[in-house]
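Participant: starting from these lines, generate the structure:
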Amino acid sequence: MTEGTKGKAQPRGRGKLIEVWVTDEEKATITEPAEEAGMPLRALGLNTPIRSVVDLTAVADLAKVNGDLGWFAGLLKLWFSEKRGQEHELRTLKP
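Facilitator: Here you go, the predicted structure:
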């Protein structure tokens, strides 16, 4: 055991501890992508693909906008399809 790991219990379900000496620049190069992606170093070391959190939020926002556009397009279609003297009952979204 090394000086920093004496007295610490080995985590359950894991095999061996790997210690690597790196310079400050190398450490920054290794840890920056992990921090940006919100992933642990272990996942990056095992070549797990990095999934961008920003892309997932953008997709969720686009899905909301798509729903609103569909609702608005339905209202426009209803408005253009009305004949003079006839009124349609508009359905609105209830919160």
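Participant: for the rest of this, base every contact and every neighbour count on C-alpha atoms.
Facilitator: OK.
Participant: tell me the domain boundaries of the protein?
Facilitator: According to automatic domain parsing, the chain is divided into the following domains: 16-51, 53-95.
Participant: need these in a markdown table with mean pLDDT and mean neighbour count, can you?
Facilitator: Rendered in a markdown table, the data for these read as follows (pLDDT from 0 to 100; neighbours: other C-alpha atoms under 10 Å):
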| stretch | mean pLDDT | mean neighbour count |
| --- | --- | --- |
| domain 16-51 | 84 | 11 |
| domain 53-95 | 77 | 10 |
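Participant: the host helix or strand of E26 - contacts with which helices or strands?
Facilitator: Counting by DSSP states H and E, the secondary-structure element that holds E26 is helix 24-37. Helices and strands in packing contact with helix 24-37 are listed as helix 41-45; criterion 3 or more C-alpha pairs under 8 Å, 6 or more residues apart in numbering; DSSP states H and E.
Participant: would you mind identifying the next helix or strand past the helix it packs on?
Facilitator: Assigned by DSSP H and E, the successor of helix 41-45 is helix 53-81.
Participant: distance from that following helix to the middle of the chain?
Facilitator: In terms of C-alpha atoms, centre = their mean, to the nearest Å, the gap separating the centre of helix 53-81 from the centre of its chain is 20 Å.
Participant: same question for stretch 44-57.
Facilitator: 8 Å.
Participant: same check on stretch 35-51?
Facilitator: Worked out by C-alpha atoms, centre = their mean, stretch 35-51 lies 13 Å from the chain centre.
Participant: now L76: how far from T23?
Facilitator: Taking C-alpha to C-alpha, to the nearest Å as the measure, L76 and T23 are separated by 63 Å.
Participant: what does L56 give?
Facilitator: Remark: distance between L56 and T23 (C-alpha to C-alpha) = 34 Å.
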